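> would you be able to build a 3D model of this:
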Amino acid sequence: MGAPSSPGFKLEPIFFGLKPEDRTKIHELIFDLVWIGEGRWDFHTIYHMPIFLREFYIKKIQKINSDRSAKNTPEKKYTKDLIAKPPL
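From the prediction side, this is the model:
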């Protein structure tokens, strides 16, 4: 038997699901967490992790990376004696 043919019956998807463009983004985030985790997490664990935890770890990693880059970039101080003067 097929679907009922009453005028009010809709065959639209009722599950919110993921759009194709969202799937790529989610899998990139999962890959990044697995890669940065260096074997501490596997794909299955990250995929089934609650969204708020995944976002927490992503933000934490971004903060660590920004702190490292700020720490590693030397402050530019311009002084007159950047080049050593030759002895006379």
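> in this protein, which spans are helices?
Ranges of helices in the chain, per DSSP state H, are 20-37, 43-47, 51-72.
> how about JSON lines for the ones you listed, with distance to Pro87, mean neighbour count and mean pLDDT added?
Backbone N, C-alpha and C define where each C-beta goes, glycine included. Shown next, in JSON lines, are the helices of the chain (distance: least, Cβ to Cβ, whole Å; neighbours: other Cβ atoms under 10 Å; pLDDT from 0 to 100):
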{"stretch": "helix 20-37", "distance to Pro87": "51", "mean neighbour count": "13", "mean pLDDT": "87"}
{"stretch": "helix 43-47", "distance to Pro87": "62", "mean neighbour count": "14", "mean pLDDT": "90"}
{"stretch": "helix 51-72", "distance to Pro87": "34", "mean neighbour count": "11", "mean pLDDT": "89"}
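> list the contacts for the closest residue to Leu33 other than its chain neighbours?
Leaving aside its sequence neighbours, Leu33 sits nearest to Ile46 (Cβ to Cβ, 6 or more residues apart in numbering; 5.0 Å). Residues near Ile46 by Cβ atoms under 8 Å, 6 or more residues apart in numbering: 30, 33-34, 37, 54.
> adding distance to Ala70, write those out as CSV.
Listed next are the contacts of Ile46 as CSV, based on distance: Cβ to Cβ, whole Å:
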residue, distance to Ala70
Ile30, 27
Leu33, 22
Val34, 26
Gly37, 23
Arg54, 25
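> from these, pick the one nearest Ile61.
Nearest to Ile61, judged by Cβ to Cβ, of the contacts of Ile46 is Leu33 at 7.7 Å.
> touching, the closest one and Leu53? I think so.
No: Leu33 is beyond contact range of Leu53, at 10.1 Å (criterion: Cβ atoms under 8 Å).
> can you dump the C-alpha coordinates of stretch 36-51 into CSV?
Taking C-alpha atoms only, stretch 36-51 is exported to CSV below (Å, rounded to 0.1, in the frame of the first residue of the first chain):
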residue,chain,number,x,y,z
ILE,A,36,44.8,17.7,17.9
GLY,A,37,44.0,15.0,20.5
GLU,A,38,46.9,12.9,19.2
GLY,A,39,45.2,9.6,19.8
ARG,A,40,43.4,10.6,23.1
TRP,A,41,40.1,10.5,21.3
ASP,A,42,38.8,8.5,18.4
PHE,A,43,36.3,9.4,15.7
HIS,A,44,33.4,7.5,17.4
THR,A,45,33.9,9.3,20.7
ILE,A,46,34.0,12.7,19.2
TYR,A,47,31.1,12.0,16.8
HIS,A,48,28.8,11.0,19.7
MET,A,49,30.0,13.6,22.1
PRO,A,50,27.4,16.2,23.1
ILE,A,51,27.6,19.3,20.9
